[in-house]
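Q: I would like the atomic coordinates for the input below:
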Amino acid sequence: MDLHTARLELLLITAEELFGLANTPTSDDVFHGRAFTNPFGIMTHERIPHANRIADVREHPENIQWYYRLIVHRSSNELIGSISFHAAPDEQGMLEVGLGITESARGHGYASEALDALWRWAIEQPNVASLRYTVSPDNTASQAMIAHYPADYLGQQIDDEDGPEDIYQISTDTLREHFATVDGKAIT
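A: Numbering: from 1, shown residues only. Below you'll find the predicted structure:
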């Protein structure tokens, strides 16, 4: 279930890799056998993965598909970020996404490219009805990114780790129509 874009590979993390990342910092050896390099310490020197995601995959191995995809820049073969849903779809079919790009790779549209790819994949999965994106009101780059989608602003919440966050949500039907229009295939 790896995803491919014009410039990026979004490589689904394996359960073995996920479990190996339980302690931070972690050796880059956790990604042994992978063809990319990790000069920025993506996931190995960050406070992710979250314990709840590890526990979920231990209990429900099939849920690995909802979690971390390693964002690899195709031309440099470097791991530059990660993108993940916070959990499998909830009872209402909602998925919340989180992503991060290393600072030196920001400003080149990689986050938007990765988000597009993951959301395109998600809207084709059964039991997914909506996608949620939460972002700090002060994160102008992420605020600009979500503005390119016809997402509804639902208000603010206080995240225990990240503080105030704006909440945006979009239905899968609306997102399908958006992508069809962007791709030049308007739905009639």
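Q: make it CA atoms for all contacts and neighbour counts henceforth
A: Will do.
Q: all helices for this structure, in order.
A: 15-20, 51-59, 110-122, 140-146, 172-182 (DSSP state H).
Q: and the shortest one, which residues are buried?
A: For helix 15-20, a neighbour-count test (16 or more other Cα atoms under 10 Å) marks 15, 18-20 as buried.
Q: and which of those residues is nearest to residue 63?
A: The closest of the buried residues of helix 15-20 to residue 63 turns out to be residue 15 (Cα to Cα; 9.8 Å).
Q: for the residue nearest the centre of the chain, give me the pLDDT.
A: Per Cα atoms, centre = their mean, the C-alpha nearest to the average position across the chain is that of residue 83, at 2.5 Å. In this prediction, residue 83 carries a pLDDT score of 96.
Q: do the same with residue 186
A: Per-residue pLDDT puts residue 186 at 62.
Q: can you give me the strands in the protein?
A: Under the criterion DSSP state E, the chain contains strands at 3-4, 8-12, 69-73, 78-85, 94-101, 130-135, 152-159, 163-171.
Q: now those strands in JSON lines, with distance to residue 59?
A: Formatted as JSON lines, the strands of the chain follow (distance: least, Cα to Cα, whole Å):
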{"stretch": "strand 3-4", "distance to residue 59": "25"}
{"stretch": "strand 8-12", "distance to residue 59": "18"}
{"stretch": "strand 69-73", "distance to residue 59": "20"}
{"stretch": "strand 78-85", "distance to residue 59": "17"}
{"stretch": "strand 94-101", "distance to residue 59": "19"}
{"stretch": "strand 130-135", "distance to residue 59": "24"}
{"stretch": "strand 152-159", "distance to residue 59": "25"}
{"stretch": "strand 163-171", "distance to residue 59": "28"}
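Q: wait, which of those is closest to residue 119?
A: Nearest to residue 119, of all these, is strand 130-135, at 7.8 Å by Cα to Cα.
Q: neighbours around residue 105, how many?
A: Number of residues near residue 105 (other Cα atoms under 10 Å) recorded here: 13.
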